[in-house]
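> could you work out the structure for the sequence below:
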Amino acid sequence: MSEQLLRLRLPTDSAFVSVAREAVVSVARKLRFPEAEREALRLAVGEACNNAVEHGGQRGMLTLRCLQDYEFFIIEVSNSGEGTLPADPAAMPDPSAEGGRGRALMEALTDSVEYLIGEGNTLVRLKKRLPTS
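Sure thing, here's the model as predicted:
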């Protein structure tokens, strides 16, 4: 059973990505994540939100939810875009590539990443194990 800690609905506009990042860092601080892990979550959430903005359609909305269960801090980013389910773990692109690092960063900076694609909805679920102390 998960407890919802935060729910935000934001326009799919890059100007609001920083709002989502700061909200997640604030919750992570309250859950006593060390600074380095909060910064990793900031980056991972920023990538998830940037993807939602890019693929969520103009004038759309993204939803950010932060949850906690017994073991994990769970961050969900969803939008009304039509995503595609990744087949393989992400690989970091060539250093000269302009983009394509988002999935690889999310997967490297969290304990798990799930992609849930439904009709008219895409959800990315990031999980980070709660601190033990």
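
> and the next helix or strand past the helix or strand bottoming out on mean pLDDT in the chain?
Each helix and strand of the chain was given a mean pLDDT (mean pLDDT, DSSP states H and E); the minimum falls on helix 102-109 at a mean of 87. Next in sequence after helix 102-109, counting helices and strands by DSSP states H and E, comes strand 112-118.

> and that following strand, what's buried?
Using 16 or more other CB atoms under 10 Å as the test for burial, strand 112-118 gives Val113. To be clear about C-beta, it is placed using only N, CA and C from the backbone, and glycine gets the same treatment.

> count of neighbours near Gly120?
Neighbour count of Gly120, defined by other CB atoms under 10 Å: 9.

> and if you look at the one 5 residues further on?
Other residues within reach of Arg125 by the criterion other CB under 10 Å amount to 19.

> tell me the secondary structure for it?
Three-state assignment for Arg125 (DSSP: H, G, I helix; E, B strand; the rest coil): strand.
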